[in-house]
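>>> What shape does this take:
(2 chains)
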There are 2 protein chains.
Amino acid sequence: MSQRTPSDPRCVAVVGATGAVGEVVLRLLAERSFPVGELRALASERSAGTTVSFAGRDVEVQEAKPEAFDGVDFAFFAATGSLSKGLAPEVARRGGVAIDKSSTWRLNDEVPLVVPEINPDDLDKHKGIVSCPNCTTIGFVMALEPIRRVAGVRSVVVTTLQAVSGSGKPGLEELARQKAEVGRGDAPVPDFYPTPIVDNVLPLCETFRDDGYSTEEVKLLHETRKILADDVDVSMTCVRVPVPVGHSATMLIETERPLTPEAARAALAAFPGVAVVDDPAHNGFPTARDVEGRDEVLVGRIRKDLGSDRLWIWQVSDNLRKGAATNAIQIAEEMVRRGLK
Amino acid sequence: MSQRTPSDPRCVAVVGATGAVGEVVLRLLAERSFPVGELRALASERSAGTTVSFAGRDVEVQEAKPEAFDGVDFAFFAATGSLSKGLAPEVARRGGVAIDKSSTWRLNDEVPLVVPEINPDDLDKHKGIVSCPNCTTIGFVMALEPIRRVAGVRSVVVTTLQAVSGSGKPGLEELARQKAEVGRGDAPVPDFYPTPIVDNVLPLCETFRDDGYSTEEVKLLHETRKILADDVDVSMTCVRVPVPVGHSATMLIETERPLTPEAARAALAAFPGVAVVDDPAHNGFPTARDVEGRDEVLVGRIRKDLGSDRLWIWQVSDNLRKGAATNAIQIAEEMVRRGLK
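From the prediction side, this is the model:
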């Protein structure tokens, strides 16, 4: 395909267009003025025939099957892993680029795993599939990388507090339903999560592996190492909290070289896509509610550990935006900028 | 006062009888068949004249003033620090024992800070005031001590996820009100907490100090060291979550001697007041909702850190019971058993 200018229209497909992330991809493609020529809304057979909204008009959802990707430049996959496993190679085979939000391709050596502010050069090696990190990993590495660049990072201890929309619409629906149940005095009925999430916090995100770790926890380690190309040590517990949107995390960071909280604050504030909200004297700290609808990762509570030179930080990001849709579209924007598509 | 048998009736005062913890103290005194002869319900002048329920009968609340403690054996303080600062010495002066739930006396060298399963011998040194640790500290040390006894503890990294009832009735009322506001489509109005707690998590418990730590966080370090008589290193972030009752925490524990998860599990299960709920293969883990109304501290997700020999655990406790009322009454029970009162 001949080289085009950045503003030339592209044919764009969104797979999983009816899901929690897919809806945000559609909205942000318009908001960010991505050069969309043709827009194809795709989903599993079950959702085909429904309509979604794009740039003020209704678009009928078609079934995601190989032929649907003929002529597509970018296909954003915000769907199940099994769908992207079968169909992302079909996009690549047809000369397009699949930007996948599922975990399917993330640790594949042939597939770049990219946060554009951190490792955009990895895009140059793409072979038609680019992977978008897990929503939890993105906020984590965005807060870590500014510190790593100035002082190196030896280890991080992280506890995540993850919103239910990280599980997609089923998570949002479960919390909303259980809130209503509790509101009218009934017992909350667990369906999607193994135990009630309303008025509760669950030390489980996704599913448990045989070694007692959740799949979400292990992703955080391996994805971080791949994105940073650095064997940083990550110790983690991932927790689900009754918050609709916005992942939070506490992070205790051991740097390789000494770094004061002031220097960390400056490094974080200067990093693209990161904003510092840190004014304890006036109760200034970022929260999930503050970050909803924003693209920046917000960082606060930057302070030295009481008994060591490690640094504590508190980090929040909109898991549907920078944690998913924004990062995926930024990948496409960067590929356009680099003349890769 | 002459020595009495454990079952002889005692004159008992509850200060702050109308508060979130005071109500539970009254309920548990009856439930646990504490030998209450006379019961005096006390509170600040504002609440005097109202009634509370004890053992099925109404008790009129009197103003907490020095004379109210004449003849009192045990005075449970579940009130503000300023009330206990002025009145606990009045109890001691009159020959009674003040068991205080506020932070006022916790780090005073003349005052034992006691979790009866851990350091009951410290009660022998009492001088009329005994302090009850912070609700967060109690769950923390209850989960730590079994491990410390078998392997020693060098350091712990902890993130707490604390229920709003840890702030007393104002926290409970704020969450309930904001849930109703959000439920009818209105914006939640922050009043007691600096920003909405509904659908959110706040990296602030209590108030910030000049060094950027919250008062709650620093308590966790100093109280732990006093209770354990051990300079264990504690690194912490305390987070408020939209949960009515039940404090949760992630804990990463570095032991002095190697300890397998299996051995840690056995040590925890054998410790009085601790129960293990840890069956990831069947999604078995404890949550705040599970622990509400129970006196045990529940521990799960016991596993080795992926990159070191440290151990991760997840711990939950009912902050109004073992975190407050239960522990205070256990202190009185232990003092009765020891013939100290």
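>>> hang on, A:Met251 in a strand?
Yes - with DSSP: H, G, I helix; E, B strand; the rest coil as the criterion, A:Met251 is part of a strand.
>>> quick one, what contacts it?
A:Phe140, A:Ala143, A:Leu144, A:Val156, A:Val157, A:Val158, A:Trp312, A:Ile313, A:Trp314, A:Gln315 (C-beta atoms under 8 Å, 6 or more residues apart in numbering or on different chains). (Glycine included, C-beta is placed from N, CA and C.)
>>> ok, and of those, which contact chain B?
A:Val157, A:Trp312, A:Trp314 (C-beta under 8 Å from any C-beta of the partner chain).
>>> Quickly run through the sheet partners of whatever helix or strand the second one lives in, with directions.
Assigning secondary structure by DSSP states H and E places A:Trp312 in strand A:311-317. Strands that pair with strand A:311-317, judged by DSSP bridges, come out as strand A:247-255 (antiparallel), strand A:297-304 (antiparallel).
>>> what comes into contact with the shortest one?
The set of residues external to strand A:297-304 that reach it, using C-beta under 8 Å, 6+ apart, is A:138-139, A:142-143, A:260-261, A:264-265, A:268, A:273-278, A:280, A:284-286, A:290-291, A:310-317, A:322, B:203, B:211-213, B:237.
>>> now that strand: how far from the chain's centre is it?
20 Å (C-alpha atoms, centre = their mean, to the nearest Å).
>>> Ok, stretch A:239-248 next?
Taking mean C-alpha positions (C-alpha atoms, centre = their mean), stretch A:239-248 and its chain are 13 Å apart.
>>> which residues touch A:Ala249?
A:Thr136, A:Gly139, A:Phe140, A:Ala143, A:Val158, A:Thr159, A:Thr160, A:Leu161, A:Trp314, A:Gln315, A:Val316.
>>> Which element, helix or strand, includes the spatially closest residue to the first one that is not a sequence neighbour?
Same thing as A:Thr136. Distance criterion C-beta to C-beta, 6 or more residues apart in numbering or on different chains; nearest residue to A:Thr136, sequence neighbours excluded, is A:Thr160 at 5.4 Å. Assigned by DSSP H and E, A:Thr160 belongs to strand A:153-162.
>>> export the very next helix or strand once past that strand as CSV, just CAs?
Counting by DSSP H and E, the next helix or strand C-terminal to strand A:153-162 is helix A:169-183. Provided in CSV are the C-alpha atoms of helix A:169-183 (Å, rounded to 0.1, in the frame of the first residue of the first chain):
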residue,chain,number,x,y,z
LYS,A,169,-20.3,-4.2,30.9
PRO,A,170,-21.0,-7.3,33.0
GLY,A,171,-19.1,-5.7,35.9
LEU,A,172,-20.9,-2.4,35.5
GLU,A,173,-24.2,-4.1,35.4
GLU,A,174,-23.5,-6.3,38.4
LEU,A,175,-22.5,-3.3,40.6
ALA,A,176,-25.5,-1.3,39.5
ARG,A,177,-27.9,-4.2,40.1
GLN,A,178,-26.5,-5.0,43.5
LYS,A,179,-26.6,-1.3,44.5
ALA,A,180,-30.3,-1.3,43.7
GLU,A,181,-30.8,-4.6,45.6
VAL,A,182,-29.1,-3.2,48.7
GLY,A,183,-30.9,0.1,48.3
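>>> residues making contact with helix A:169-183?
In contact with helix A:169-183 (C-beta under 8 Å, 6+ apart) are residues A:19-20, A:163-165, A:187-193, A:196-199, A:242, A:244, B:179-180, B:183.
>>> if you look at the residues you listed, which of them are in helices?
A:Ala20, B:Lys179, B:Ala180, B:Gly183 (DSSP state H).
>>> Filter those residues down to just the buried residues.
Using 16 or more other C-beta atoms under 10 Å in any protein chain shown as the burial test, the ones in helices among the contacts of helix A:169-183 include A:Ala20, B:Lys179 as buried.
>>> Quick check: the farthest pair among the ones in helices among the contacts of helix A:169-183?
The span of the ones in helices among the contacts of helix A:169-183, defined through C-beta to C-beta, is set by A:Ala20 and B:Ala180 at 25.6 Å.
>>> count of neighbours near A:Arg93?
11 (other C-beta atoms under 10 Å in any protein chain shown).
>>> coming back round to it: and the buried ones among the contacts of helix A:169-183, selectable in PyMOL?
Only the buried entries of the contacts of helix A:169-183 go into this PyMOL selection, using 16+ other C-beta under 10 Å:
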select buried, (chain A and resi 19+20+163+164+165+188+192+193+196+197+198+199+242+244) or (chain B and resi 179)
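>>> Touching stretch A:42-49 from outside, list them.
Here stretch A:42-49 has contacts from A:13-19, A:22, A:50, A:60-64, A:68, A:75, A:79-80, A:83, using C-beta under 8 Å, 6+ apart.
>>> Quick one: mean pLDDT over that stretch.
When pLDDT is averaged along stretch A:42-49, the result is 93.
>>> Among the contacts of stretch A:42-49, which ones are in strands?
By the criterion of DSSP state E, membership of these in strands covers A:Ala13, A:Val14, A:Val15, A:Glu60, A:Gln62, A:Glu63, A:Ala75.
>>> ok, A:Thr136 touching A:Glu216?
Yes - counting by C-beta atoms under 8 Å, A:Thr136 does reach A:Glu216; the two are 6.4 Å apart.
>>> Need the overlap of contacts for these two.
Common neighbours of A:Thr136 and A:Glu216 (C-beta under 8 Å, 6+ apart) are A:Thr160, A:Gln162, A:Cys205, A:Cys238.
>>> can you redo those as TSV with neighbour count, distance to B:Leu252 and pLDDT?
Listed next are the shared contacts of A:Thr136 and A:Glu216 as TSV, based on neighbours: other C-beta atoms under 10 Å in any protein chain shown; distance: C-beta to C-beta, whole Å; pLDDT from 0 to 100:
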residue	neighbour count	distance to B:Leu252	pLDDT
A:Thr160	28	14	98
A:Gln162	28	18	98
A:Cys205	23	17	97
A:Cys238	28	13	98
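>>> Which pair of the residues you listed spans the longest distance?
Farthest pair in these, by C-beta to C-beta: A:Thr160 and A:Cys205, 7.3 Å.
>>> any residues in contact with both of these two?
Joint contacts of A:Thr160 and A:Cys205 (C-beta under 8 Å, 6+ apart) are A:Thr136, A:Glu216, A:Cys238, A:Val239.
>>> Can you point out the helix or strand that includes the second one?
What it means is A:Glu216. Short version, using DSSP H and E: A:Glu216 is in helix A:215-228.
>>> Let me see the mean pLDDT of that helix.
On average, helix A:215-228 scores 98.
>>> got it, and stretch A:7-17?
Rounded mean pLDDT across stretch A:7-17 is 96.
>>> Now do it: everything it contacts.
By C-beta under 8 Å, 6+ apart, stretch A:7-17 touches A:22-23, A:25-26, A:29, A:34-43, A:47, A:52, A:59, A:61, A:64, A:68-69, A:71-80, A:83-84, A:87, A:91, A:96, A:101, A:336, A:341.
>>> and A:Val234, how many neighbours?
25.
>>> Can you tell me the SS state at it?
Applying three-state DSSP: A:Val234 is strand.
>>> ok, it to B:Gly323 distance?
According to C-beta to C-beta, to the nearest Å, A:Val234 stands 31 Å off from B:Gly323.
>>> how about the residues of the stretch 51-200 of chain A near chain B?
A:Ser155, A:Val157, A:Thr159, A:Leu161, A:Lys179, A:Ala180, A:Gly183, A:Pro194, A:Thr195, A:Pro196, A:Asp199, A:Asn200.
>>> Fine, thanks again, bye for now.
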